[in-house]
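Engineer: Attaching a predicted model along with its sequence, questions to come.
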Amino acid sequence: MIRKFIDKLLGKQPAAGGARAQAGRIPLGKRAEVPAAEHGIDPSLLDERAVRVVTTLQDAGYEAYIVGGAVRDLLVGRRPKDFDVATNATPEQVKAQFRRAFIIGRRFRIVHVIHGRGRDHEVIEVSTFRAYMDAAAAEQVEGNEKTSKDEMAGKSHVVDASGRVLRDNVWGPQIEDAARRDFTVNAMYYDPRSQVVIDYHHGLKDAKAQTLRMIGDPETRYREDPVRIVRVIRFAAKLGFTIEPKTLKPLKSMAALLANVPASRLFDEMIKLLQTGHALASLAELKRHGLDRGVFPVLEAVLANTPEGSTRERFVHLALADTDRRVAEGKAVAPSFMLACMLWHDVEVKWSALRAEGEHPMPALSQAVDAVFDARIGDISGRGKLATDMREIWLMQPRFERRSGSSPYSLVEQPRFRAGFDFLRLRADAGEIPVELAEWWEDFSLGDDAEREALIEAVRETSRPRRGGAPKRASAAPVAVGEPAAEVAAASDMPEEAPGMADASEAGEAPRKRRRRRRKPAVARTADGLPPPFSPGHDA
């Protein structure tokens, strides 16, 4: 192993026995400096904080460039969401140049340079140029990141038995750093001072041709990092690029390698796939290449249990479309909201089953939430915060049924009310609950004290019995699990202790004589049949 490493440094070619390593070796490419007149990047799209990081490092005597996806997006006229920087300075040298900088990571040691504070803070990720070292020159362990921690201690370049890179912290020249990146369009470097793009693998040409091409042998590169299988799908969906045939060919056959990727990393990739503004396109791309099964357990569970044309399909589609819209408008999106939408119907089914066994409604809902979260999300990084946010959104839904007394006032003051209401609105748009309920809460949340009291009084009036007869019927009732809204539009409201569930109507029983509340008449809708625009936001 040491001899191979020395031969690599001296530029010696491997012997015949190393034919496999030779076949999979990455071409280093040739440096090309592309001037501004040719690449056409608009400097106004640059992030001034990223530029400041680059110029600070350059002023200290180091090479530094904006790199990767940011350059790719700039070349096609997009404003990048994130700006990464690459430099020949080591992580320790980078950290020394900035007051708020932190070295993170084990697999890849990088530096996070922090600008600003609170919600307005921005992280510029700075990586050191890495040497390209193929699997034959790396230390190999039998296990993975967790099971082989002791074996990997103190080592800079480690792979597992399948060739997946577990450590990659060997510094090298820029030409090798470019070679070890995945796609040609992600392997370019931009100097904001000289406005020159450094291109080693014809990435500029592929960007203009809207083509995703792997650098080197695709199978070797997928083995190095199976997450590239997901990344090529995400980039194709996001950019509308075509996947080059050689890059595409082994995609499905090598998807099994994703089973070796840590669950938390794969979960993060799924979140990127679904909440970076192209969720629907990403799902379509996954289906097109046969990767909608066996890759992401959460997605697979949702897609497998979502019949075409069902209320659940419409609800999930609306949730993803809403996420795409918010990203396009520059608004915040939260993974907890999106996941709450995707798994809501699993919660409903479990909730209904527990209530059928005699469990009280609210404890049953709490148990259903825990069961679904553990089964679908499992043990991943950030689980605690994610679980708390999703639980609040789900448990808030029955509370929207209570529109009397002080309940509406206390609910609207909840920190996560906006997320809970967005969720309610999507349920109404999907036909899962009466539209009137969402409209009432929209009016209540936006109204002043007098308007709020009038809304509560309207609910109170509709629940009063008529003279000498039964109370007036509500305009609509909560929809039971899996029950179309149209079939229960004229059903009676359920008692407060069982919000959202139409047990009596399902069992064919007569409506109860005591009714807690009624719906007010529907508010006029727009000409296209959609509810009036209202976008309070997914975050608190």
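Structural biologist: Alright, I've got the coordinates.

Engineer: Okay, now the unreliable bits of the stretch 201-350 of the chain?
Structural biologist: Applying pLDDT under 70 to the stretch 201-350 of the chain picks out no residues at all.

Engineer: ok, which stretches of it are strands?
Structural biologist: Shown for the stretch 201-350 of the chain, the strands assigned by DSSP state E, counting those that start in this stretch span residues 211-212, 242-243.

Engineer: next one: the chain
Structural biologist: 32-34, 64-67, 84-87, 101-104, 110-115, 122-128, 139-140, 157-159, 165-168, 188-191, 196-199, 211-212, 242-243 (DSSP state E).

Engineer: which of those has the lowest average pLDDT?
Structural biologist: The stretch with the lowest mean pLDDT among those is strand 157-159, which comes in at a mean of 58.

Engineer: circling back: quick one: which of the strands of the stretch 201-350 of the chain is nearest A284?
Structural biologist: strand 242-243 (13.8 Å; Cβ to Cβ). For the C-beta atoms, the positions are set from N, CA and C on the backbone; glycine is no exception.

Engineer: Parallel or antiparallel, which strands does that closest one pair with?
Structural biologist: Take DSSP bridges as the rule and strand 242-243 pairs in its sheet with strand 211-212 (parallel).

Engineer: what does the partner strand contact?
Structural biologist: Where contact means Cβ atoms under 8 Å, 6 or more residues apart in numbering, the residues beyond strand 211-212 that reach it are F183, V185, D206, V232, F235, A236, L239, F241, T242, I243, E244, T247.

Engineer: Could you double-check that K350 lies in contact with V372?
Structural biologist: Yes. K350 is in contact with V372 according to Cβ atoms under 8 Å; the separation is 6.0 Å.

Engineer: Identify the residues contacting the residue nearest to D429 when sequence neighbours are not counted.
Structural biologist: With sequence-adjacent residues excluded and distances taken as Cβ to Cβ, 6 or more residues apart in numbering, D429 is closest to L318, at 5.6 Å. L318 makes contact with L426, D429, A430 under the criterion Cβ under 8 Å, 6+ apart.

Engineer: same thing with M342?
Structural biologist: Residues near M342 by Cβ under 8 Å, 6+ apart: V298, L299, V302, V316, A319.

Engineer: Helices - which of the residues you listed land there?
Structural biologist: Secondary structure assignment by DSSP state H places V298, L299, V302, V316, A319 of those in helices.

Engineer: Make TSV out of these and add distance to P91.
Structural biologist: Output for the ones in helices among the contacts of M342, formatted as TSV (distance: Cβ to Cβ, whole Å):
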residue	distance to P91
V298	34
L299	35
V302	39
V316	42
A319	40
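
Engineer: which of these count as buried?
Structural biologist: Buried members of those, counted by 16 or more other Cβ atoms under 10 Å: V298, L299, V302, V316, A319.

Engineer: Okay, the fourth one and A334: tell me how far apart.
Structural biologist: Translated: V316. 16 Å (Cβ to Cβ, to the nearest Å).

Engineer: do the last one as well
Structural biologist: When distances are taken as Cβ to Cβ, A319 and A334 turn out to be 12 Å apart.

Engineer: give me the number of residues near D82?
Structural biologist: Counted with other Cβ atoms under 10 Å, residues neighbouring D82 total 15.

Engineer: In stretch 326-338, which residues are buried?
Structural biologist: Of the residues in stretch 326-338, R326, V327, V333, A334, P335, S336, F337, M338 count as buried by neighbour count, 16+ other Cβ under 10 Å.

Engineer: err, stretch 408-428, not the other one
Structural biologist: Applying a neighbour-count criterion of 16+ other Cβ under 10 Å, the buried positions in stretch 408-428 are 408, 411-412, 416-428.

Engineer: Mind exporting the C-alpha coordinates of it to PDB?
Structural biologist: Only the C-alpha atoms of stretch 408-428 are listed here, as PDB (Å, rounded to 0.1, in the frame of the first residue of the first chain):
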ATOM      1  CA  PRO A 408     -59.400  30.300  19.000                       C
ATOM      2  CA  TYR A 409     -57.500  33.100  20.800                       C
ATOM      3  CA  SER A 410     -55.100  30.700  22.500                       C
ATOM      4  CA  LEU A 411     -54.500  28.800  19.300                       C
ATOM      5  CA  VAL A 412     -53.800  31.800  17.100                       C
ATOM      6  CA  GLU A 413     -51.100  32.800  19.600                       C
ATOM      7  CA  GLN A 414     -49.200  29.500  19.400                       C
ATOM      8  CA  PRO A 415     -45.600  29.900  18.000                       C
ATOM      9  CA  ARG A 416     -46.300  27.300  15.300                       C
ATOM     10  CA  PHE A 417     -49.800  28.600  14.400                       C
ATOM     11  CA  ARG A 418     -48.700  29.700  10.900                       C
ATOM     12  CA  ALA A 419     -47.300  26.300  10.000                       C
ATOM     13  CA  GLY A 420     -50.500  24.600  11.500                       C
ATOM     14  CA  PHE A 421     -52.700  26.900   9.400                       C
ATOM     15  CA  ASP A 422     -50.800  26.300   6.200                       C
ATOM     16  CA  PHE A 423     -51.300  22.600   6.800                       C
ATOM     17  CA  LEU A 424     -55.000  23.100   7.400                       C
ATOM     18  CA  ARG A 425     -55.300  25.100   4.200                       C
ATOM     19  CA  LEU A 426     -53.600  22.400   2.200                       C
ATOM     20  CA  ARG A 427     -56.000  19.800   3.700                       C
ATOM     21  CA  ALA A 428     -58.900  22.000   2.600                       C
END
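
Engineer: on that earlier part again, most tightly surrounded among the strands of the stretch 201-350 of the chain?
Structural biologist: strand 211-212 (a mean of 20; mean count of other Cβ atoms under 10 Å).

Engineer: In contact with the most centrally placed residue in the chain, which residues?
Structural biologist: In the chain, the residue lying closest to the centroid (Cα atoms, centre = their mean) is I271, at 2.2 Å. The contact partners of I271, by Cβ under 8 Å, 6+ apart, come to P335, M338.

Engineer: Right, I'll leave it there.
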